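K.L.:
the following comprises the amino acid sequence and a computationally predicted model.
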Amino acid sequence: MDKVQELQMRGRLQNLYQQHRDLDAAIAVFENSGKADALQLQRLKKMKLSIKDQISKIENILLPDIIA
């Protein structure tokens, strides 16, 4: 992987971190509002999980496990 690709992946990773935080905050507000729609809440949680999976994949590419 060259430097340009690494920088692009790190930028994407930062974007995903922000999306994950935003969804976490939205879920918390939605749950605390008292008028939580179970289907909408489930969709938000699925989106959050999908983003977490994407974060993990990119982190594994950028920081591979090195067996010493």
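P.N.:
Alright, I've got the coordinates.
K.L.:
contacts, neighbours, all on C-alpha from now
P.N.:
Will do.
K.L.:
what does the helix or strand containing residue 57 rub up against?
P.N.:
Taking DSSP states H and E as the definition, residue 57 sits inside helix 38-62. With contact meaning C-alpha atoms under 8 Å, 6 or more residues apart in numbering, helix 38-62 is reached by 6, 9, 13, 16, 17, 19, 20, 23, 24, 27, 30, 31.
K.L.:
can you pull up the most central residue in this structure?
P.N.:
Central residue of the chain (C-alpha atoms, centre = their mean): residue 51, 3.2 Å from the mean position.
K.L.:
rewinding a little: in CSV, list the contacts of helix 38-62 along with secondary structure and pLDDT.
P.N.:
Output for these, formatted as CSV (DSSP: H, G, I helix; E, B strand; the rest coil; pLDDT from 0 to 100):
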residue, secondary structure, pLDDT
6, helix, 92
9, helix, 96
13, helix, 97
16, helix, 98
17, helix, 98
19, helix, 98
20, helix, 98
23, helix, 97
24, helix, 97
27, helix, 95
30, helix, 90
31, helix, 90
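K.L.:
now find how far off-centre the helix holding residue 57 is within its chain.
P.N.:
Relative to its chain's centre, helix 38-62 lies at 5 Å (C-alpha atoms, centre = their mean, to the nearest Å).
K.L.:
and the helix or strand hosting residue 22, what does it pack against?
P.N.:
Taking DSSP H and E as the criterion, residue 22 maps to helix 3-32. Applying 3 or more C-alpha pairs under 8 Å, 6 or more residues apart in numbering; DSSP states H and E, one finds that helix 3-32 contacts helix 38-62.
K.L.:
many thanks, we can stop here.
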